[in-house]
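J.: need a structure here:
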Amino acid sequence: MGANGRMGRAVVRVLHERGDTVHAAIDRSAEGDVGLAAGVGALEVIFTDDLGALEGADVVIDFSLPDAARALYEACAEKRVPVVSGTTGLRPPAQQALEALAAAVPVVHAPNFSQGVTLLFDLAERAARLAGDAFDAEIVEIHHRHKVDAPSGTANRLAQVVADAKDLRADPFVHGRSGQVGARTDGEMGVMTLRGGDVVGEHTLFLFGEGERLELTHRATDRTIFARGAVRAAHWVVSQAPGLYDMRAVMGMD
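T.: Below you'll find the predicted structure:
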């Protein structure tokens, strides 16, 4: 799903490189052969918006938009097809459909499929928990100028990991500061967004102490890492029991 997006085309290239079979290419607006669109040559798989094309697939890799996710999850539940989904920003109906899907088939849902970001989440949790109240946490994320959502799903997940580790209040996130906003409170955390150029993705957790600062940064220079992670998750998930998994499980970190 989302086969003609940046990530969808990257996934097709990785699948072709591995010798895996592309069963169908679901996209609401694209036409032609998915292999030609991805730059790997004709695969004789034509873009379609018909979710019925999922019939017979071993697993679905989804990098669609939130508005399309609910229908996809419902179709995969009906057809009993395992899913790897990187779609974030889900509204309640889509989130409920995802949970219903995971009750029927194994699902990997993650905001980011890179090994490095999965390690960043783990390191951030430990650092924030050990730092406690002695350090203020702030997050900055940077992406290319074409990214339509902000903050990124990865930044939101990182922020939640840190908030849980520091036991912050229910809604501590500040998404911008301007004017006479007053002094920073102990219970808040800034989650800031920069957009420009062709930046694939960069996420930094700052832990500010008195007289010192700790920074944990992940920089992606090639989105192929996300595609490889998604394909790795797809190979892993088909042998799992129904349930909702993340990349920690895929990487054996749980």
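
J.: And the strands in this protein, which stretches?
T.: Ranges of strands in the chain, per DSSP state E, are 25-26, 47-48, 60-62, 83-85, 106-109, 136-143, 173-174, 189-195, 201-209, 212-220, 243-245.

J.: Quickly, which of these bottoms out on average pLDDT?
T.: If you rank the strands of the chain by mean pLDDT, strand 173-174 sits at the bottom with a mean of 93.

J.: which other residues reach the helix-or-strand element of the chain with minimal mean pLDDT?
T.: When each helix and strand of the chain is scored by mean pLDDT, DSSP states H and E, strand 173-174 comes last, with a mean of 93. When contacts are defined by Cβ atoms under 8 Å, 6 or more residues apart in numbering, strand 173-174 is touched by residues 159, 163, 188, 189, 190, 191. Just so you know, the C-beta spots here come from the backbone N, C-alpha and C atoms, and that holds for glycine as well.

J.: Need the per-residue pLDDT for the third one.
T.: Taken from the predicted model, the pLDDT recorded for residue 188 is 93.

J.: gap between it and residue 137?
T.: Distance from residue 188 to residue 137, counting by Cβ to Cβ, to the nearest Å: 9 Å.

J.: now swap in residue 193 and tell me
T.: The value you get for residue 193 to residue 137, if Cβ to Cβ is used, is 16 Å.

J.: Residue 130: which of the contacts of strand 173-174 is nearest?
T.: residue 163 (15.3 Å; Cβ to Cβ).

J.: what residue ranges in the chain score low on pLDDT?
T.: Along the chain, the parts satisfying pLDDT under 70 run over 170.

J.: pull the longest helix from it.
T.: helix 115-131 (DSSP state H).

J.: elements contacting that helix?
T.: Packing partners of helix 115-131 (3 or more Cβ pairs under 8 Å, 6 or more residues apart in numbering; DSSP states H and E): helix 153-166, strand 201-209, strand 212-220, helix 224-237, helix 247-250.

J.: residues near residue 190, how many?
T.: For residue 190, the tally of surrounding residues (other Cβ atoms under 10 Å) stands at 18.

J.: er, residue 38 I mean
T.: 22.

J.: what does the one 4 residues further on give?
T.: Taking other Cβ under 10 Å as the neighbour definition, residue 42 ends up with a count of 11.

J.: Likewise for the one 10 residues further on?
T.: Neighbour count for residue 52, taken as other Cβ under 10 Å: 10.

J.: From residue 214, how far out is the nearest residue to it once chain neighbours are set aside?
T.: Distances taken as Cβ to Cβ, 6 or more residues apart in numbering place residue 75 nearest to residue 52, at 8.0 Å, with adjacent residues excluded. Going from residue 75 to residue 214 by Cβ to Cβ gives 45 Å.

J.: out of these two, which sits in the busier spot?
T.: Taking other Cβ under 10 Å, residue 75 and residue 214 do not tie; residue 75 has more neighbours (22 against 14).

J.: quick one: that one from residue 90, how far?
T.: 16 Å.

J.: All the helices of the stretch 1-150 of the chain, in order from the start?
T.: Listed in chain order, the helices of the stretch 1-150 of the chain (DSSP state H, counting those that start in this stretch) span 6-18, 34-38, 66-79, 92-104, 115-131.

J.: can I get those helices in CSV with distance to residue 175?
T.: Below are the helices of the stretch 1-150 of the chain laid out as CSV (distance: least, Cβ to Cβ, whole Å):
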stretch, distance to residue 175
helix 6-18, 24
helix 34-38, 35
helix 66-79, 18
helix 92-104, 21
helix 115-131, 19
